[in-house]
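Novice: Okay, predicted coordinates and the sequence, questions at the end:
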Amino acid sequence: MENLEPILTQHPFLQGLDQKDFDLLVGCAMNVRFDADAMMCREGEEATQFFIIRSGRVTIELHVPGKGIVQIQTLSEGDILGWSWLFAPYRWRFDARATELTRAIALDGRCLRTKCEADRDLGYKLLKRFSEILEQRLEAMRLQLLDLYSTT
């Protein structure tokens, strides 16, 4: 089994954590692989993990009544997929599909929630990091909506 510590050490999302916190996270991590067109998560299903994408491409999709599947965003190497594991009721709020062979590191949400409950400082650090991702995604969505509804 590949040691994920060297890979995770290089990822910006985890940089700046102290060694104790980093070791706790590594203990919840595993390598995963998704073939092209494989679903990584489905809206409404239990959200039990999040992913650090190592390679490949992933589309975030929503089913819109009357329109079908709408692609919201595309993620690739280095991006983080998923925060639903962090917020009750721990259900995915979107679908995510690998559009090509995708390799990722999955971090077990249940494992992390347990560790965050035991170590509130770790929980706060992770919440701050996920809040930054949420802010970036909301800004991207805002720009997408402005583009969609702009009159040119």
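Specialist: In hand now; what should we look at?

Novice: Would you agree residue 111 is in contact with residue 26?
Specialist: No: distance between residue 111 and residue 26: 10.9 Å, which falls outside the contact criterion (C-beta atoms under 8 Å). Just so you know, the C-beta spots here come from the backbone N, C-alpha and C atoms, and that holds for glycine as well.

Novice: Now the one residue sitting closest to the centre of the chain: closest residue in space that isn't a chain neighbour?
Specialist: When C-alpha atoms, centre = their mean is applied to the chain, the residue found nearest the centroid is residue 81 (1.9 Å). Leaving aside its sequence neighbours, residue 81 sits nearest to residue 51 (C-beta to C-beta, 6 or more residues apart in numbering; 4.2 Å).

Novice: just the strands in the protein please.
Specialist: Under the criterion DSSP state E, the chain contains strands at 29-34, 39-41, 49-55, 57-64, 68-76, 80-81, 95-98, 102-108.

Novice: Which residues does stretch 133-148 contact?
Specialist: Stretch 133-148 has contacts (C-beta atoms under 8 Å, 6 or more residues apart in numbering) with 13, 72, 73, 80, 83.

Novice: What is the nearest of those residues to residue 6?
Specialist: Closest approach between the contacts of stretch 133-148 and residue 6, by C-beta to C-beta: residue 13, at 15.2 Å.

Novice: The closest one contacts residue 80, correct?
Specialist: Yes: proximity of residue 13 to residue 80 meets the contact threshold set by C-beta under 8 Å, at 5.8 Å.

Novice: Neighbour count for these two, which is higher?
Specialist: Neighbour totals were compared for residue 13 and residue 80, and residue 80 leads with 21 against 18 (other C-beta atoms under 10 Å).

Novice: how close does that one sit to residue 127?
Specialist: 14 Å (C-beta to C-beta, to the nearest Å).

Novice: and what of residue 44?
Specialist: Taking C-beta to C-beta, one finds residue 44 at 24 Å from residue 127.

Novice: More neighbours: the two, which one.
Specialist: Neighbour count, other C-beta under 10 Å: between residue 44 and residue 127, residue 127 has more, with 14 against 11.
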